[in-house]
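Novice: From the sequence below, what's the structure:
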Amino acid sequence: MTGHWADYAWCPAIVLTSVMIIFLMDFGAERWVEQKYGMSHAENVEDIITDAPGRSRSLTHNQLHSGDQDEQMHDRIAAAQQQKDASISKKGDGYGSDDAEKVTPSMAEMEERSFRQQIAAFLILEFGVIFHSVIIGLNLGTTGSEFSTLYPVLVFHQSFEGLGIGARMSAIPFPKRLSWLPWGLCTAYGLTTPIAIAIGLGLRHTYNPGSMTANIVSGVLDAISAGILIYTGLVELLARDFLFNPELTRSNKRLTFMMVCVFLGVALMALLGKWA
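Specialist: Residues are numbered from 1 along each chain as shown. Okay, the predicted model is just below:
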């Protein structure tokens, strides 16, 4: 609140800037996958199953982004490909083996598309959570008398963030050549906070958390982290998994359970804000 810092609401401005940068990264990743694999925003699962021979097909953006129903999606794609192969074999002289490959994308190609689309969104989520974990670790390592309260709160907080990352990762169809990637991503999340805590412990005698410089740096980093997590929460979770998910379950009982879990998580995180 000194100098020109008080002339403008810098915290929401940095949050907004962070949101727009993450949006550009997400949009750029999607456009790259669309151009590389010829994806379309207009087609859906019914197009894959009922398309006429010779018509190119692709999964929609939302189908590839949503990780909730991937197993059903793969089963339906496999059934569609078997149906197409059967119809092609009946035609005999109308299509050769090379034509069949052109007409029906292979399962490997479809899974590669799904992986490329989902991993881009997941890496944005992972980056946001890891960035946030670094700040949490530094705060815990440099805290004083609040340690006894802050420690259990942050353990609870990080545990549920880890569950969220693990649930999202489990739905991504990692190809065999990248079978090591889930282990690497889990390790990165698991080690980020302890390393940041160690750094904070090393600086606790020279770091003054109440200084102007510390407050400015911490405030800017917190605002950037807030923008990343707001984007991933609203876009990756609420919008893509609930509003624009064509494979969302039709069971009212399951939908009610999912909504209760979401609102319970929001309430718990809001409660943790009192101490963290």
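Novice: which residues does the residue nearest to the spatial centre of the chain contact?
Specialist: Central residue of the chain (Cα atoms, centre = their mean): Phe122, 3.1 Å from the mean position. Phe122 is in contact with 168-169, 172, counting by Cβ atoms under 8 Å, 6 or more residues apart in numbering. (C-beta placed from N, C-alpha, C; glycine too.)
Novice: Helix or strand: which one has it?
Specialist: Here Phe122 is covered by helix 107-142, with elements defined by DSSP states H and E.
Novice: next SSE after that helix?
Specialist: Using DSSP H and E, the helix or strand that directly follows helix 107-142 along the chain is helix 147-170.
Novice: quick one: buried residues of that next one?
Specialist: Residues 150, 153-154, 157-158, 161-162, 164-165, 168-169 are the ones in helix 147-170 that count as buried (16 or more other Cβ atoms under 10 Å).
Novice: what does stretch 20-28 give?
Specialist: Neighbour-count burial for stretch 20-28 flags 22, 25-26 (criterion: 16+ other Cβ under 10 Å).
Novice: now do stretch 236-249
Specialist: Residues of stretch 236-249 classed as buried: 236, 240-241, 244-245, 247-248 (neighbour count, 16+ other Cβ under 10 Å).
Novice: Now, the residues you listed that are in strands?
Specialist: If you go by DSSP state E, these have nothing in strands.
Novice: what's the most distant pair in these?
Specialist: Taking Cβ to Cβ as the measure, the buried residues of stretch 236-249 span a maximum distance of 15.6 Å, between Glu236 and Glu247.
Novice: ok so, going back, just the closest of the contacts of Phe122 to Gly210, please.
Specialist: Nearest to Gly210 among the contacts of Phe122, with distances taken as Cβ to Cβ, is Arg168, at 37.2 Å.
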